[in-house]
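Quick one: sequence and predicted model below, then my questions.
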Number of protein chains: 2
Amino acid sequence: MSNGLIVSISGPSGVGKGTVIAKLREMIPAFGQSISATSRAPRGAEKDGVEYYFKTKEEFEALIAEGEIIEYDVYVGNYYGTPLTPLITMSGKGQDVLLDLTVAGSLALKEKFDETVTIFLLPPTLKELRSRLTGRGTETEELVDKRMAQAKTEIASAPKFDYVVTNDDVDRAAEEIAAIVEAEHARYVRRSKEVDTLLAE
Amino acid sequence: MSNGLIVSISGPSGVGKGTVIAKLREMIPAFGQSISATSRAPRGAEKDGVEYYFKTKEEFEALIAEGEIIEYDVYVGNYYGTPLTPLITMSGKGQDVLLDLTVAGSLALKEKFDETVTIFLLPPTLKELRSRLTGRGTETEELVDKRMAQAKTEIASAPKFDYVVTNDDVDRAAEEIAAIVEAEHARYVRRSKEVDTLLAE
């Protein structure tokens, strides 16, 4: 059995990453989901390692310091982040994992775990991206300008990603990512055991 | 427009390479076919650069010496081989090309043109390969043994290939190769112009 893939998808705000990922999960239900760590207290029947990995604030900060948290956010005074080790454990069990990370998060993960497959989701045009951001109707002109500037900075990081997929159409983009997943499984580095087994017959 | 892919498929005798390639051409009719060079004289209405590139024996030998012929064979006293430059020209025009090469040919091409995508076609088991070779009914036990020994030597070269695809089922194997082709198009190195165009908007 070969290792599962860790596939990380990033892209600028407004590119439609959430929709493409939802479509992809529908197409490939076998994809594992990462469990976040948080410093907030468990609620009701929440169990450690199921809904979240529950940590104290001090534990969470120690994990950040160790480089164990790929990326994190602070929300209502609590940390929420993606821990590295459970991903590597899942991959070791042959489980593919699909991640929705920021551009910085994908690049940090790739640096820590070289086998990560990184995919950058691109808008068809910048004009289209602006129109999607404006179309939300919830953001001021000033905020849209800010997001567009950030998008350009992020797109300039695309060369550091393995693959670039244009989200011109959700189904097409998801299908292209599914092909990338299938192809990555067929790379020699991931099939070396099968070749060895065959030669040992 | 980005470069077309040069996809080269190899595998041991009996693995079913011809059948998988035929299926793949049916699935992706846009795939270009390489034109061989030969030292035999044109017959009837055959045109240079259509059926073959027609060369004199001396010209062909000069091409071999220049490293322009990826692999060649001698048949009834005439050379037949695959020239490199027309492939690179096709690729430069955005045309994908699918090649059926020997293991040595694929590796030589990869060395000359690093962007080549090399795929090794593997039998499900060595036992199955032997049974396919025996099943042809045209080969003596001794010849089958010889082919099996050669197959093992060739399979030991699989680590030098980009991808390894098991031909357990022709449709499945062809579909997996089609996914590899789709994924290779999405590699950042092949989409860098699109990213540049977007940023230049």
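Structure's in. What do you need? If you're wondering where the values come from, they're calculated on a predicted model, not measured in any experiment.

Show me which residues of chain A are close to chain B?
Applying CB under 8 Å from any CB of the partner chain, one finds that chain A approaches chain B through A:120, A:122-123, A:125-127, A:152, A:155-156, A:158-159, A:161-166, A:176, A:178-180, A:182-184, A:186-188, A:191-192, A:194-195, A:198-199, A:201. Glycine gets a C-beta too; all of them are placed from N, C-alpha and C.

How about the residue of chain A found nearest chain B: what's its closest non-neighbour residue?
Per CB to the nearest CB, A:Ala183 is where chain A lies closest to chain B, at 3.5 Å. Closest residue in space to A:Ala183, ignoring its immediate chain neighbours: B:Ala183 at 3.5 Å, by CB to CB, 6 or more residues apart in numbering or on different chains.

Double-check that that neighbour belongs to a helix.
Yes: with DSSP: H, G, I helix; E, B strand; the rest coil as the criterion, B:Ala183 is part of a helix.

what's around it, how many residues?
The tally of other residues near B:Ala183 (other CB atoms under 10 Å in any protein chain shown) stands at 26.

hang on, the earlier thing: separation between the residue of chain A closest to chain B and B:Thr138?
Distance from A:Ala183 to B:Thr138, counting by CB to CB, to the nearest Å: 36 Å.

repeat for A:Ser192
Separation of A:Ser192 from B:Thr138 (CB to CB): 34 Å.

These two: who's more crowded?
For A:Ser192 versus B:Thr138, neighbours defined as other CB under 10 Å are more numerous around A:Ser192 (14 against 8).

Assign the more buried one to helix, strand or coil.
Following three-state DSSP, A:Ser192 is assigned to helix.

What pairs with the least confident helix or strand in chain A by mean pLDDT, parallel or antiparallel?
Between all helices and strands in chain A, the lowest mean by mean pLDDT, DSSP states H and E belongs to strand A:32-33, at a mean of 88. The pairing partners recorded for strand A:32-33 under DSSP bridges are strand A:97-100 (parallel).

Show me the contact partners of the partner strand.
Contact partners of strand A:97-100, identified using CB atoms under 8 Å, 6 or more residues apart in numbering or on different chains, comprise A:4-9, A:17-18, A:21, A:24-25, A:28, A:31-34, A:82, A:87, A:90-91, A:106, A:109.

what mean pLDDT does the next helix or strand after that strand have?
Counting by DSSP states H and E, the next helix or strand C-terminal to strand A:97-100 is helix A:103-112. Averaging pLDDT along helix A:103-112 gives 94.
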